[in-house]
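S.K.: Next one to model:
(2 chains)
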Protein chains: 2
Amino acid sequence: MTEYHTFTTQDAMLFADKHSGLFGEHSKLHCEEFGDGNLNLVFRVSNDKGTSLIVKQALPYARCVGESWPLTIDRARIEAEVLLKHYKICPEHTVDVRHYDAELAAILMEDLHDYHILRNELIAAKQYPHLAVQLATYLASTLYFTSDFALTGPNKKQQVGRFLNPELCLITEDLFFTDPYCNHERNNISADIRHDAQQLWHDEALQAEVAQLKADFLSKPQALLHGDVHTGSIFINDDNCKLIDAEFGFYGPIGFDVGNLLGNLLLNYLGHFGLSTDEAKRQTHQDYLLQQISSLWQEFAERFKQFMTTDCKEPTLQNSIYQQRFMQQVFADSLGYAGCELIRRTVGLAHVADLERISNASSKSHCEKLALQLGRQLIMQRHDLASIEQVITLVRYLA
Amino acid sequence: MTEYHTFTTQDAMLFADKHSGLFGEHSKLHCEEFGDGNLNLVFRVSNDKGTSLIVKQALPYARCVGESWPLTIDRARIEAEVLLKHYKICPEHTVDVRHYDAELAAILMEDLHDYHILRNELIAAKQYPHLAVQLATYLASTLYFTSDFALTGPNKKQQVGRFLNPELCLITEDLFFTDPYCNHERNNISADIRHDAQQLWHDEALQAEVAQLKADFLSKPQALLHGDVHTGSIFINDDNCKLIDAEFGFYGPIGFDVGNLLGNLLLNYLGHFGLSTDEAKRQTHQDYLLQQISSLWQEFAERFKQFMTTDCKEPTLQNSIYQQRFMQQVFADSLGYAGCELIRRTVGLAHVADLERISNASSKSHCEKLALQLGRQLIMQRHDLASIEQVITLVRYLA
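M.R.: Now for the predicted structure:
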């Protein structure tokens, strides 16, 4: 019964019914599978009164560029446990996991049916004024309260051991830090920007910085990261936003989560040079994005600093000079990882709709070139950019 | 039979006999216990033909400052596994572990009966011309081949998980980084230097640097460290030297092992201002020490760089600009940890014989003050000291 088998809609329905008190004995249940089926099965189970839950099951393989390779279903444990930990710290912005079954690699969680995927919303130039503050709250609290500031050495080490996540980290190590900087067959490079991509493969100064960022990804377990904070992992509506999809979670550099999000907001900013047809609307949306980016960092830093003042359990790290330098380092790391995200989403395996949906080919390659240019600038200048306002200025005056 | 129980000499003899083919059926065995019994039992088991082995058993508690507290016997696993890993990489300078029993927390290992403890030899002003080269070989090879340069991401993460060693790391976190910089009851401060010690408790600039070094100790798993490379963990003779006592082993910053050793050599250098009665002999020994310190870093860096050129399995980290910066960072870290070692061995719980054996009280406090002064300088100036020669100059002109 509990041995691993790929769920049918019937299995998902039984699983949801068994592990929630929601549906009740006589409810008529309905179930549909709506995932893309590449890595996971995703089912929506609902009753006739409009109550619904999501069942997500990890498949023991991943389909990618046409081929399939085995991939540990332990990632369902990672996903469930990261979400549960983050929920405990920040319930308002983390999807609510109701049950997790290790054998079946299946998670029962709240259905965010009245939310939308942030990436689609931003592509449609929709504005959510609370975006920055809410995401800053999520990032600052989940990252702070899983860090050396808040945990004892032994407790932190135990957490590091639970979230090593070697297989999924390896995917990031390869796709994020290795492939874009060499002529790798996994890369996905449009013909129009091939020359720009090739420059990355010979740019030793840039590669030295990326090496440092990768070394930190490998050996800087500062906090329990979500590990994949792109705008497709964020659900949003007029009131709130929530993070999902934490299977890439692990103990890594704080700037990786922050930088991934910054990178994705910047990709949307750049995409609108090609997506928007109405000049005024484009400018309004881009101004909104830059204001959110600025606010995101400021609110994040403000909250994190506040926590360091009020909730630092480790006496040695209470030193204010150290804390100030720590925030500077997180800022530089964030810009570096944002830059990597811009580059790998442009020339690496996995692209983003913000650029892919640009129908005009020359607009698209123009935006892609801007992404590579800005990515490089952020990586190379991350220690010199003294404030988020300087970053905004850099973005505004992109050639 | 195999359930944990504290060994008698009879148990140790049986254990050694069972797990070695050395003694043979009709050998007459002899066994003596000669450890200090604070943390471990240490037995020498020998036969009548002069063959001997060491049996080391971890006790489930530690006696310290008069009190006993429980301490995991899993540290015997850590010790055995670190030594086995280091032996595989550098058999010439790692004690040979013949057998390890997890249940009994007992290790059977080679008896280094024709070796001496380095600390005692250096206190007696004995010179070993090969010291620096051999220890540089040990450090460079064991640290390099357990690092991100030599292991895949997943393999490295698996190793990190095996060597989290939370309990023994916590001892270092407290004794090395916390206690000396506050008025902690565990501190052991001679009355004559109490004023100098108190300055440490109010030195926010120094504390900021120590916070950074501690944060790296907590969250920079660069390589599988020995974790306790002081001159009491090194056995030496005219031909060779070998490392023992690896129960503090864990994945940490490379500079921690290197810096601990540098710090202990510097403690001996300073100690001889009080230990030596013959001025000329003192100068000769101190010159020898500085020459070994210089050679230790140079040979270490040379070997490590060579490995990065010939044995780097991680393509992203093959970048020469990155590698150069990496060595600079290891150098700065090493100086910082050396400085911490000087300070904690002077005012913290665990002192070293190099200073403690100075019989003249005012000579002793003079040397202790120099240790605090040099310790602070190394920590504060570690990013500005551009070469080991600059460090030597700093030491030579200590006021």
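S.K.: near chain B, which residues of the stretch 251-399 of chain A?
M.R.: Within the stretch 251-399 of chain A, the residues that sit near chain B (Cβ under 8 Å from any Cβ of the partner chain) are A:315, A:316, A:317, A:319, A:320, A:321, A:322, A:325, A:326. No exception for glycine: its C-beta is placed from N, CA and C like everyone else's.
S.K.: Of the residues you listed, which belong to helices?
M.R.: Assignment to helices by DSSP state H places the following of those there: A:320, A:321, A:322, A:325, A:326.
S.K.: Find the centremost residue of chain A, please.
M.R.: residue A:229 (1.1 Å; Cα atoms, centre = their mean).
S.K.: I'd like to know which elements the longest helix along chain A is packed against.
M.R.: When chain A is scanned for its longest helix (criterion: DSSP H), the result is helix A:279-310. Contacts defined by 3 or more Cβ pairs under 8 Å, 6 or more residues apart in numbering or on different chains; DSSP states H and E place helix A:279-310 against helix A:131-144, helix A:254-275, helix A:320-347, helix A:388-396.
S.K.: How far off centre is that helix?
M.R.: 17 Å (Cα atoms, centre = their mean, to the nearest Å).
S.K.: Can you tell me how far residue A:196 is from chain B?
M.R.: 20 Å (Cβ to the nearest Cβ, to the nearest Å).
S.K.: That residue - how many residues pack around it?
M.R.: When neighbours are counted by other Cβ atoms under 10 Å in any protein chain shown, residue A:196 registers 19.
S.K.: Please give me every residue in contact with it.
M.R.: Applying Cβ atoms under 8 Å, 6 or more residues apart in numbering or on different chains to residue A:196 gives the contacts A:368, A:369, A:372.
S.K.: Please repeat the previous calculation with a cut-off of 10 Å.
M.R.: Contact analysis of residue A:196 by Cβ atoms under 10 Å, 6 or more residues apart in numbering or on different chains lists A:189, A:190, A:346, A:347, A:365, A:368, A:369, A:371, A:372, A:373, A:376.
S.K.: Turn those residues into TSV, columns for distance to residue B:4, neighbour count and secondary structure.
M.R.: Shown next, in TSV, are the contacts of residue A:196 (distance: Cβ to Cβ, whole Å; neighbours: other Cβ atoms under 10 Å in any protein chain shown; DSSP: H, G, I helix; E, B strand; the rest coil):
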residue	distance to residue B:4	neighbour count	secondary structure
A:189	60	18	coil
A:190	65	17	coil
A:346	59	28	helix
A:347	57	27	helix
A:365	68	19	helix
A:368	63	27	helix
A:369	66	18	helix
A:371	60	30	helix
A:372	61	20	helix
A:373	64	16	helix
A:376	59	21	helix
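S.K.: from those, which two are the most distant?
M.R.: A:190 and A:376 (17.8 Å; Cβ to Cβ).
S.K.: Which pLDDT value goes with residue A:68?
M.R.: Here, the pLDDT recorded for residue A:68 equals 69.
S.K.: Equivalent analysis for residue A:1, please.
M.R.: Residue-level pLDDT assigned to residue A:1 equals 53.
S.K.: which residue ranges form the helices in the stretch 51-200 of chain A?
M.R.: A:75-89, A:118-123, A:131-144, A:153-162, A:166-172, A:194-201 (DSSP state H, counting those that start in this stretch).
S.K.: Quick one: list the elements packing against the third one.
M.R.: To tie it back to what came earlier, the one meant is helix A:131-144. When contacts are defined as 3 or more Cβ pairs under 10 Å, 6 or more residues apart in numbering or on different chains; DSSP states H and E, helix A:131-144 packs onto helix A:75-89, helix A:118-123, strand A:223-225, strand A:234-236, strand A:241-243, helix A:254-275, helix A:279-310.
S.K.: mind listing what the third one pairs with, with the direction of each?
M.R.: To tie it back to what came earlier, the one meant is strand A:223-225. With DSSP bridges as the test, strand A:223-225 is paired with strand A:250-252 (antiparallel).
S.K.: ok, the residue in the stretch 1-150 of chain A that chain B sits nearest to to residue B:217 distance?
M.R.: Nearest residue of the stretch 1-150 of chain A to chain B: residue A:148, at 4.9 Å (Cβ to the nearest Cβ). Residue A:148 is 10 Å from residue B:217, where distance means Cβ to Cβ, to the nearest Å.
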